[in-house]
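>>> Make a model of this:
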Amino acid sequence: IKTMKYHFVPIIFSLALLCGLLFYGCASAPHSSFNRGIIHLNIGDKEEAEQAFLQEIEENPQNAEAWNQLGIIAFESNDSGKAKEYFRKAIEIRPTNANYLRNLAIVYADMGKTDIANRMLQKALDLDPLNIETHIAVAKLRLLQNKYTEAQQAIEKALDIDPANQDAIILQDYINEQIQ
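The predicted structure is shown next:
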């Protein structure tokens, strides 16, 4: 009986998603282009999501989260230049958002600009010292720099915040392998 219950979860989720897709255009909710973008991301349609977020920033250029989502899409499409531009715009609108700073730092790290990435990650941690994703990003950057002891310290901070975080546990195992 317990296993039968789990077979209905995908069906219920699919129906809810379908209803949402059918009626999202009828909603008079603010930022409907943004909401459409999120729906498209959730179903894996990045091209449509990007178009919806672009429409959102045309309608509401102060929507920092739309800029951030565009940055994520650009980065995942290996367009670091566009990603950097989009994340900068999100930060310009909301300069105290640690997630936006972390995302831009990841772009800089990917571009090989580790000094800038380090400064941005530190600023993100100053704003939100309990942001586990930023601690994980610091650990990954330290690995990239072959600073294994510092990577280990960063991942331990992440695990202090959330000892069950799977990404942190996996990264900790990898770091420990590198140290041995």
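
>>> For Pro163, grab the count of nearby residues.
Per other C-beta atoms under 10 Å, the neighbour tally for Pro163 reads 9. The C-beta positions use only the backbone N, C-alpha and C, and glycine is treated the same way.

>>> What strand or helix carries it?
Applying DSSP states H and E as the criterion places Pro163 outside every helix and strand.

>>> and it, how far is that from Leu125?
Pro163 sits 19 Å away from Leu125, going by C-beta to C-beta, to the nearest Å.

>>> now do Glu156
Taking C-beta to C-beta, one finds Glu156 at 14 Å from Leu125.

>>> if you count what's nearby, which of those two comes out ahead?
Leu125 (20 against 14).

>>> what sits against that one?
Residues in contact with Leu125 (C-beta atoms under 8 Å, 6 or more residues apart in numbering) are 98, 131, 134-135, 138.

>>> Determine how far stretch 99-111 lies from the middle of the whole chain.
Relative to its parent chain, stretch 99-111 has a centroid offset of 10 Å by C-alpha atoms, centre = their mean, to the nearest Å.

>>> Please work out the average pLDDT along that stretch.
Per-region confidence: stretch 99-111 scores 98 on mean pLDDT.

>>> That stretch: which residues count as buried?
Buried residues in stretch 99-111, counting neighbours by 16 or more other C-beta atoms under 10 Å, are found at 99-109.

>>> okay, and for the protein, where does confidence drop off?
By pLDDT under 70, the weakly predicted segments of the chain are 1-31.

>>> could you show me where the helices are in it, in order?
All helices of the chain, identified by DSSP state H, fall at 2-23, 32-42, 46-59, 64-76, 80-93, 98-110, 114-127, 132-144, 148-161, 166-179.

>>> how deep is Asp126 tucked in, by neighbour count?
Using other C-beta under 10 Å, Asp126 has 10 neighbouring residues.

>>> Could you check how far it is from Ala154?
Distance, Asp126 to Ala154, by C-beta to C-beta: 15 Å.

>>> sorry, back to before: kindly reformat the buried residues of stretch 99-111 as CSV and extend each row with distance to Asp45.
Output for those, formatted as CSV (distance: C-beta to C-beta, whole Å):
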residue, distance to Asp45
Asn99, 23
Tyr100, 24
Leu101, 28
Arg102, 25
Asn103, 21
Leu104, 25
Ala105, 28
Ile106, 23
Val107, 23
Tyr108, 28
Ala109, 28
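
>>> Ala49 - how many residues pack around it?
Ala49 is flanked by 22 other residues according to other C-beta under 10 Å.
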